[in-house]
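Enquirer: The sequence and its predicted three-dimensional model are supplied below.
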Amino acid sequence: MWKEIPEKVSQEKITFDVRELEPLLSGPSLKLEPYKPEMAKLKDGSYLYIRPLEKEEVPKLLPFIKKLLDVDHDFYDIVGVRVYGELLGWYRNRLKDPYFMIGTINGKLAGFANARVMNNGIHISLHSMAFVRGLRVGAIMYYAKAKYAFEKLGAKEWWATYESYNGFKRWGLGMAQPSYPWPDVQHELGGAKVYYVTKEYWDLSIKEYLEQLVKTELVEPTPEVVEANKELIIPDSPVV
């Protein structure tokens, strides 16, 4: 845009250091209480170690997630490209107040979950994924991030939507989540319907439902489990 100035000025050209512009584009971050690592005993006797994903680990994870873009069944491609964008958005300071968790078994990546804080009351559930089969890892990751949102970060509402039929069956229908009128209220993932859980509903019903579903407990990890998961190992390819 170009417009003639209404006054004499001493400088007709003003330059900016991009470091002055970055705070305007990325905005300030909320001070979120960190997720404290937990572990869950799996049905095969092994332990899933859940911890926050470190920002510097994102470049290591991106090539693995990128492989999902070529999987054309069960919506893995669209979930893959969205998770890739969410990771990159966090890494490049273009995603507001996200939190990312990974689950590992003896160091090997087995699960992923992320969400973000929209405001002090509403948290947006983004994605939960399992990279091993038959151990309920996806369910455990979903439970861990929802529990963290409600019980540590003080979420009042949890907004979700679903790309896959399986996710909708397990979480949307399984938790009997009500939805907001659509298209008046839209989820940020493609403008889809918002299915929500309130803190009251979480306390009354949903937490128990998820505990029944995962059939295990989230507990403080033992030193042995922490040591076994000290190094993050990325599999060659995701199991889908």
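Expert: Received the coordinates, thanks.
Enquirer: Okay, now the unreliable bits of the protein?
Expert: Residues of the chain that meet the criterion pLDDT under 70 are absent altogether.
Enquirer: where exactly do the helices run in it?
Expert: Using DSSP state H, the helices assigned to the chain run over residues 18-26, 58-66, 76-91, 137-151, 165-167, 199-201, 207-214, 223-228.
Enquirer: got the contact list for residue 42?
Expert: Applying Cβ atoms under 8 Å, 6 or more residues apart in numbering to residue 42 gives the contacts 48, 105, 135, 136, 137, 216. (Each C-beta comes from the backbone N, C-alpha and C, glycine too.)
Enquirer: Most neighbours among these, please name it.
Expert: Neighbour counts for the contacts of residue 42 peak at residue 48, which has 28 neighbours (criterion: other Cβ atoms under 10 Å).
Enquirer: Okay, that one and residue 37: tell me how far apart.
Expert: Going from residue 48 to residue 37 by Cβ to Cβ, to the nearest Å gives 11 Å.
Enquirer: Also residue 135?
Expert: From residue 135 across to residue 37, the span is 18 Å (Cβ to Cβ).
Enquirer: And the contacts of residue 42, which is closest to residue 5?
Expert: Of all the contacts of residue 42, residue 5 sits closest to residue 137, with 61.2 Å by Cβ to Cβ.
Enquirer: The contacts of residue 42 in strands, which ones?
Expert: Using DSSP state E, the members of the contacts of residue 42 that fall in strands are 48, 105.
Enquirer: Rebuild the contacts of residue 42 as JSON lines, extending it with distance to residue 168.
Expert: Rendered in JSON lines, the data for those read as follows (distance: Cβ to Cβ, whole Å):
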{"residue": "48", "distance to residue 168": "24"}
{"residue": "105", "distance to residue 168": "27"}
{"residue": "135", "distance to residue 168": "21"}
{"residue": "136", "distance to residue 168": "18"}
{"residue": "137", "distance to residue 168": "19"}
{"residue": "216", "distance to residue 168": "23"}
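Enquirer: With that, I have no additional questions.
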